[in-house]
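Q: Predicted model and sequence below, questions to follow.
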Amino acid sequence: MNRPDTLAGTAVLTRLALRRDRIMIPAWAVPIALLVASSASAFGSLYDTAAKRAEVAASAAGNASLRALYGPVFDTGIGGLTAWRTMAFGAAAAGLMAVLLVVRHTREEEEAGRLELVGAGAVGRRAPLAAALATGFGASVALGVLVTLGLLGHGALGAAAFGCAFAGVGCAFAAVGAVAAQLTESARAARGIGGAVLGLAFLLRAAGDGGSGTLTWLSPLGWAENIRPYGDERWWVPALFALWVAGLVALAYALVARRDIDASLIPSRPGPAAAGPRLRGAQGLAWRLQRGSLGGWAFGFAVGGATLGALADGATDLVRGNDRLADVIRDMGGASGLVDSYLASMSGVMGMIAALYAVQAVLRLQGEENSGRAEPVLATGVGRVRWAVSHTLLAAGGSVLLLLLSGLAMGLGYGATTGGTGHQMVRLTGAALVQLPAVWCVAAVALLLYGAVPKAAVASWGVASLTLGIGLYGPALKLSPWVMDLSVFTHLPKAPSAEVTPGPLVLLTVLALALGTGGLAALRRRDLVV
């Protein structure tokens, strides 16, 4: 008897996946590549002499917190400093992109029932997984090529190593996503596993770079930086990515052959026969659905806030002798003392990241609607507005929690190095909470798009990413004032380096309420997905 072709139909499914992702892949790859290229341009402007570049490299090498956050500096040229500044977070973004792509075309398709329909045709058992991996690998390689092209002006060999590092991390986490999709029954849980592995990889890299360096070699993100772009490149390190990918892909293929469609290797636990008091309302259900995600974000904000606070005392050392970089920090955080300007700018960055959480929490509404789970809820006495408000309140309240944690942690980290911990915790918590009206505005835009034009709701990620990009790179690139004003965060007081006036906060809060109300009104009038 001839064995069935388990990969039949892979090419067709790959073309279909690429067509579906014709917007998503460029939306991830192009901004990451542009941020790397713009960072190189900014370093060329800020550190225009070899002496300045050597000084900032020495400051980074001597600061354990900076090494943990960004990694070591292997070369004092513009390319080497760009690798130091962007490798850790840029490679992590590449890994996240790959996880989301692979889970989207495996577990998410299976959960929605489309994979079973596809499998009824002339499609092999492993073809959907193979097509998803081909899409994830292809997107990762495309990102690596874009990064290489953006840095060719600073040396072709270093640019190629830089692109290879990004592509390697992307492929490594595409394989992680493939395994995660076999372990769970929901796409949300699979994304959670992939995100947890990525977070662990980042922590291992940070611990290794801030300490002895051994732990760095346990993380794919550590392998990426140890390729050493622009600094005596190590071309044998990509072999580690190849071994990682080969092992996980083989494991994913073995797992997919051992389970049924819609099944998983980790079965979901049956719930209680009767719902508890907390699950008898829309708000309780929304909390139950979103509490795991909020917990992960809260942990990240606490760790990030403490790290940024610990770095604050070294801000003056980092910009010593570089008036232009000091001006950039003041542009981001106000015109007061340099340390307070740094703290204000970091509070703003945490606010912009909190906006990403708020968008995710609001768009959970779309996920519930598209999966058909919203319809049974709305068939009860729960109205559309009440259902939507339950998730929106979690987005708003969760943002308060995240910024509260980041402010407390930042005050703790800064106070531990300078003294006066209690005072700094109060002061920086206030600075963090100042960001809330802008966060709520971004969340309200997501709610408006979901309610009025649900097919365009994904554009709310673009709004959140635009605010983050403007905030991070606008001052360094000297963007025009009208471009800076596109971000609602530009209009906030620069606490703690500037006096907080209530006017902008009130206006932004009113704007958020108006946008959110418009979204709820539109949702009430349109048809739901059936």
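A: Noted; the coordinates are in hand.
Q: Roughly how far does T184 sit from G194?
A: 10 Å (Cβ to Cβ, to the nearest Å). Where you see a C-beta, it was placed from the backbone N, CA and C, and this is true even at glycine.
Q: swap in G474?
A: Distance of G474 to G194, given as Cβ to Cβ: 31 Å.
Q: T184 and G194: which has the busier surroundings?
A: G194 (25 against 21; other Cβ atoms under 10 Å).
Q: so that one touches V103, yeah?
A: Yes: counting by Cβ atoms under 8 Å, G194 does reach V103; the two are 6.5 Å apart.
Q: Please enumerate the shared neighbours of the two.
A: The contact sets of G194 and V103 overlap at G177, A180 (Cβ atoms under 8 Å, 6 or more residues apart in numbering).
Q: Is E185 part of a helix or strand, or is it coil?
A: coil (DSSP: H, G, I helix; E, B strand; the rest coil).
Q: just use 717 as the starting number from now, easier for me
A: From this message on, residue numbering opens at 717, which makes the last subject E901.
Q: For it, give its distance to C1157.
A: Note on E901: its distance to C1157, by Cβ to Cβ, is 36 Å.
Q: Compare those two (neighbour count), which wins?
A: Shown here are E901 and C1157; by other Cβ under 10 Å, C1157 has more neighbours (26 against 17).
Q: show me the contacts for that one.
A: Applying Cβ under 8 Å, 6+ apart, the residues near C1157 are V1204, L1224, L1227, A1228, L1231.
Q: swap in V892?
A: G811, V815, I909, G910, V913, L914, L964.
Q: my read: the second one touches L914, true?
A: Yes: here V815 lies in contact with L914, judged by Cβ under 8 Å, at a distance of 6.8 Å.
Q: okay, and the common contacts of those two?
A: Residues touching both V815 and L914 (Cβ under 8 Å, 6+ apart): F889, V892.
Q: And D791, its phi and psi?
A: Phi and psi for D791, reported as degrees, to the nearest 10, are phi -160, psi 150.
Q: Which residues does stretch 1078-1096 contact?
A: Here stretch 1078-1096 makes contact (Cβ under 8 Å, 6+ apart) with 827-828, 904, 998, 1001-1002, 1005-1006, 1100, 1103-1104, 1107-1108, 1111, 1159, 1162-1163, 1166, 1170, 1173-1174, 1176, 1244-1246.
Q: filter these to the buried ones?
A: 827, 904, 998, 1001-1002, 1005-1006, 1100, 1103-1104, 1107-1108, 1111, 1159, 1162-1163, 1166, 1170, 1173-1174, 1176 (16 or more other Cβ atoms under 10 Å).
Q: one step back: now, which of the contacts of C1157 lie within helices?
A: L1224, L1227, A1228, L1231 (DSSP state H).
Q: Tell me the most packed of the residues you listed, by neighbour count.
A: A1228 (23 neighbours).
Q: Verify the contact between that one and A1162 for me.
A: No: in this structure, A1228 is not within contact of A1162 by Cβ under 8 Å, at 11.0 Å.
Q: what residues are shared contacts of these two?
A: Joint contacts of A1228 and A1162 (Cβ under 8 Å, 6+ apart) do not exist.
Q: and the residue nearest the centre of the chain, what element?
A: Using Cα atoms, centre = their mean, the residue of the chain that lies closest to the mean C-alpha position is A809, 6.1 Å off. For A809, the element it lies in under DSSP states H and E is helix 794-821.
Q: A1148 too?
A: Going by DSSP H and E, A1148 is in helix 1137-1149.
Q: Contacts for that helix next, please.
A: The contact list for helix 1137-1149 (Cβ under 8 Å, 6+ apart) reads 1021, 1025, 1059-1060, 1063, 1066-1067, 1116, 1119-1120, 1122-1124, 1126-1128, 1130-1131, 1134, 1211-1212, 1216.
Q: for that helix, the distance to its chain's centre please.
A: Average the C-alpha atoms of helix 1137-1149, do the same for its chain, and the two points are 25 Å apart (Cα atoms, centre = their mean, to the nearest Å).
Q: same question for it, mean pLDDT?
A: For helix 1137-1149, the mean pLDDT works out to 91.
Q: Please compute how far the very next helix or strand once past that helix lies from its chain's middle.
A: As assigned by DSSP H and E, the chain's next helix or strand after helix 1137-1149 is helix 1152-1168. A distance of 18 Å separates the C-alpha centroid of helix 1152-1168 from that of its chain, computed with Cα atoms, centre = their mean.
Q: got the CA positions of helix 1152-1168 in CSV?
A: Coordinates of each C-alpha in helix 1152-1168 appear next as CSV, following Å, rounded to 0.1, in the frame of the first residue of the first chain:
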residue,chain,number,x,y,z
LEU,A,1152,-3.6,57.4,31.4
PRO,A,1153,-5.7,59.9,29.4
ALA,A,1154,-3.6,59.2,26.3
VAL,A,1155,-3.7,55.5,26.8
TRP,A,1156,-7.5,55.7,27.0
CYS,A,1157,-7.6,57.7,23.8
VAL,A,1158,-5.8,55.0,21.9
ALA,A,1159,-8.1,52.3,23.4
ALA,A,1160,-11.1,54.5,22.4
VAL,A,1161,-9.9,54.6,18.8
ALA,A,1162,-9.8,50.8,18.8
LEU,A,1163,-13.3,50.6,20.2
LEU,A,1164,-14.5,53.1,17.6
LEU,A,1165,-13.0,51.2,14.7
TYR,A,1166,-14.3,47.9,16.1
GLY,A,1167,-17.8,49.3,16.5
ALA,A,1168,-18.1,51.2,13.3
